[in-house]
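Chemist: sequence first, then the predicted structure, then my questions.
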Amino acid sequence: MAARREPAGAGHPADETLGERLRLLRRERGFSIADLSRASAVPASTISKIENGLLNPSLVHAINLASALDANLGFLVDRARTRVARSAVVRRGQRGRRDFPEMSMLLEDLNIGFVPGLLEARIGTIGPETHSGADLMSHPGEELVHVLEGAVVFDLDGEEYRLGRGDSLHFKCDIPHRWTNPGKDKAVLLWVFSDGLSF
């Protein structure tokens, strides 16, 4: 192999900010901010702030925006997928990263360099005593979560699943769900999603 390669997408849309990518995607879909607000139930003022780099979206808003735009959540990470490939290697230092400080959560994208398809995969590091939000969420597709470190509790429409290191949970994402890290240590999860949506 060559000694070094540029990360996939370098110098292309990967260099855009989250807000710029959201604006581009919205315009490609033919939505005004008001249109997207109605379709996603995200306030127009919030969308405007995200697009102008004044606000990072909450996880629920991100899911709702992605659903309304018929897109995956890859636009949340720092590098876009810009090439058609049958395979892709993602080195540890190449992972796209996105912080959600309101949940003390860091997401690392494992699909860099691969055009969005059936599967999306991320590593999530979740701070202690945090959760995905007060409300249950639902979206298309399936979700598989595997606990690499720590512990997490998933609520699937009122039924709780406590997962420790080495445990996995697979479910249909149209089931209203949320997660909690009730402990005093961080949790590290491997998440795999179908239909390109997450959480």
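Modeler: Structure received. Residues are numbered from 1 along each chain as shown.

Chemist: what about the strands in this structure?
Modeler: Secondary structure of the chain (DSSP state E): strands at 97-100, 105-109, 119-126, 130-131, 142-149, 152-156, 159-163, 168-172, 177-181, 187-194.

Chemist: quick one: which of those is nearest residue 67?
Modeler: Of all the strands of the chain, it is strand 187-194 that lies closest to residue 67, at 12.7 Å by Cβ to Cβ. (Glycine included, C-beta is placed from N, CA and C.)

Chemist: before we move on, the earlier item: go through the strands of the chain and find the least confident stretch.
Modeler: Here those differ in mean pLDDT, and the lowest is strand 97-100 at a mean of 80.

Chemist: packing partners of it?
Modeler: strand 105-109 (3 or more Cβ pairs under 8 Å, 6 or more residues apart in numbering; DSSP states H and E).

Chemist: how much does the strand it packs on deviate in direction from strand 177-181?
Modeler: Interaxial angle, strand 105-109 versus strand 177-181 (axes from the mean of the first three to the mean of the last three Cα atoms, to 10 degrees): 110 degrees.

Chemist: neighbouring strands for strand 105-109, and are they parallel or not?
Modeler: Strand 105-109 pairs in its sheet with strand 97-100 (antiparallel), strand 119-126 (antiparallel), by DSSP bridges.

Chemist: can I get that strand as CSV, trimmed to CA atoms?
Modeler: What follows is strand 105-109, C-alpha atoms only, in CSV (Å, rounded to 0.1, in the frame of the first residue of the first chain):
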residue,chain,number,x,y,z
MET,A,105,-22.5,11.8,23.8
LEU,A,106,-19.8,11.5,21.0
LEU,A,107,-20.6,9.7,17.8
GLU,A,108,-17.9,8.3,15.5
ASP,A,109,-18.9,7.3,12.0
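
Chemist: list the buried ones in that strand?
Modeler: Residues of strand 105-109 classed as buried by neighbour count (16 or more other Cβ atoms under 10 Å): 105-109.

Chemist: swap in stretch 140-156?
Modeler: So, applying 16+ other Cβ under 10 Å, buried residues of stretch 140-156: 141, 143, 145-147, 150-156.

Chemist: for residue 67, give its distance to residue 138.
Modeler: 10 Å (Cβ to Cβ, to the nearest Å).

Chemist: give the contact list for the closest residue to residue 149 other than its chain neighbours.
Modeler: Counting by Cβ to Cβ, 6 or more residues apart in numbering, residue 149 lies nearest to residue 188, which is 3.9 Å off, once chain neighbours are set aside. Counting by Cβ atoms under 8 Å, 6 or more residues apart in numbering, residue 188 touches 123-126, 147-150.
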